[in-house]
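> Below are the sequence and a predicted model for it; my questions follow.
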Amino acid sequence: MTTLQVKVAARREEAHDIIALELVAVDGAALPAFTAGAHIDVHLPGGLVRQYSLCNAPHEQHRYQIGVLRDVNSRGGSVAVHEALKLGDILTISAPRNQFALVPAQHSLLLAGGIGVTPILCMAEALAAAGASFEMHYCARSPARQAFRERIAASGFAARVVHHYDDGEAAQKLDLDALLAQADPATHLYVCGPAGFIAHVVDTARARGWPEAQVHFEYFGAAPVKADGNGAFEVKLASSGQVYTIPPERTVIQVLCEHGVDVPVSCEQGICGTCLTRVLEGEPDHRDQYLTDEERAANDQFTPCCSRARSALLVLDL
């Protein structure tokens, strides 16, 4: 995977517990181009690797901008960003990748919940620059917790953004049933935010008859997974024939790593696809947010960082 060296050129508190970082190439060169909805892997102090959506305008190549929420349930990534990173620090990042890209449509409906605004804001920038039809709804607990408010207010598309606050009057809160009441074949829906917010939007859209192809979403963390089927199973490496037992409390990645089997891994939550591994035999229990429904149904690949097995044995192309 291509990596880049960048430095922290700016750091700003955007809202309560949210900071924005501006990253520029160490050598001053232009950064790889990206499209709205793209993210980068950021290598953080302590050996952590986390994914953050790019939230600056897609035409910019002199910088990348990310927004990071300090998460009380952090596995270390957001704390490292908030407490360890400072101006001038050098970081390794990946080139941008996009699993949440805009689809050409007559109209786009953008819904952001909390820090999920980062890819959604980038989409709004791109759609506005293209002169495309769109509207954006931005939900937050309160104005103090809403990142990029000043930027949105100063933008040319501010009139297309509706703000909703949990602590505000009932009249200004998001009426999702009314917004999604009727599926429009000319409209594509995009949503990003906490897992519960995404699930509510997606479930409401499905109940209102929105086709799956018109509903797009991206999780910042792993979606809730039922614990059913957490029993032990075995994986076999096709190259060596070696078999390893995966106990209920361990992941495939953890067990393979302990035995010196190197599988590239990044998010460890089934979001980024870095560890995607081909399955030659057996049936995976897919618990990722990376593969499409069609790819999962094929059962020929899985994410060993979080997914498990429905069959007693998985034979892996390793």
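That came through, no problem. Note that the structure is predicted; figures quoted are calculated from it, not measured. Numbering: from 1, shown residues only.

> count of residues packed around the residue lying closest to Tyr64 once chain neighbours are set aside?
Among residues not flanking Tyr64 along the chain, Leu23 sits closest, at 4.6 Å (Cβ to Cβ, 6 or more residues apart in numbering). In this view, the C-beta of every residue, glycine as well, is placed from N, C-alpha and C. Neighbour count of Leu23, defined by other Cβ atoms under 10 Å: 24.

> just Ala25 next, same as before
Number of residues near Ala25 (other Cβ under 10 Å) recorded here: 19.

> what do you get for Phe157?
So Phe157, with other Cβ under 10 Å, has 15 neighbours.

> mind starting the numbering at 39 from now?
Sure, I'll start numbering at 39, so the last one becomes Phe195.

> Which residues are in contact with it?
Phe195 sits next to Ala162, Leu165, Ala166, Phe172, Met174 when contact means Cβ atoms under 8 Å, 6 or more residues apart in numbering.

> Turn these into JSON lines, columns for secondary structure and neighbour count.
Shown next, in JSON lines, are the contacts of Phe195 (DSSP: H, G, I helix; E, B strand; the rest coil; neighbours: other Cβ atoms under 10 Å):
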{"residue": "Ala162", "secondary structure": "helix", "neighbour count": "29"}
{"residue": "Leu165", "secondary structure": "helix", "neighbour count": "22"}
{"residue": "Ala166", "secondary structure": "helix", "neighbour count": "17"}
{"residue": "Phe172", "secondary structure": "strand", "neighbour count": "22"}
{"residue": "Met174", "secondary structure": "strand", "neighbour count": "24"}
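
> Farthest-apart pair in the residues you listed, please.
Ala166 and Met174 (9.8 Å; Cβ to Cβ).

> Common neighbours of the two, please.
Phe195, Arg198.

> possible to save the contacts of Phe195 as CSV with distance to Asn136?
Shown next, in CSV, are these (distance: Cβ to Cβ, whole Å):
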residue, distance to Asn136
Ala162, 16
Leu165, 15
Ala166, 19
Phe172, 18
Met174, 19
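
> Could you check how far Thr312 is from Tyr328?
Thr312 sits 9 Å away from Tyr328, going by Cβ to Cβ, to the nearest Å.

> Oh, that last question was meant for Gly85, not what I typed.
Applying Cβ to Cβ to Gly85 and Tyr328 gives a distance of 22 Å.

> Between these two, tell me which one has more neighbours.
Using other Cβ under 10 Å as the criterion, Gly85 and Tyr328 rank with Tyr328 on top: 24 against 8.

> excluding its backbone neighbours, what's nearest that one?
Spatial nearest neighbour of Tyr328, chain neighbours left out: Gly311 (4.3 Å); criterion: Cβ to Cβ, 6+ apart.

> quick one, what contacts that neighbour?
Gln137, Asp326, Tyr328, Leu329, Thr341.

> And the pLDDT at it?
Looking at Gly311, its pLDDT reads 82.

> my guess is Leu218 contacts Thr225, does it?
No: contact status for Leu218 versus Thr225: not in contact, 9.7 Å apart, counting by Cβ atoms under 8 Å.

> Show me which of the two is the more surrounded one.
Per other Cβ under 10 Å, whichever of Leu218 and Thr225 has more neighbours is Leu218, with 22 against 18.

> tell me the phi and psi of that one?
Leu218 adopts backbone torsions of phi -110, psi 20, taken as degrees, to the nearest 10.

> Tell me the spacing between it and Lys211.
Taking Cβ to Cβ, one finds Leu218 at 15 Å from Lys211.

> Equivalent analysis for Ala335, please.
Distance from Ala335 to Lys211, by Cβ to Cβ: 38 Å.

> Also Val293?
Counting by Cβ to Cβ, the gap from Val293 to Lys211 is 46 Å.
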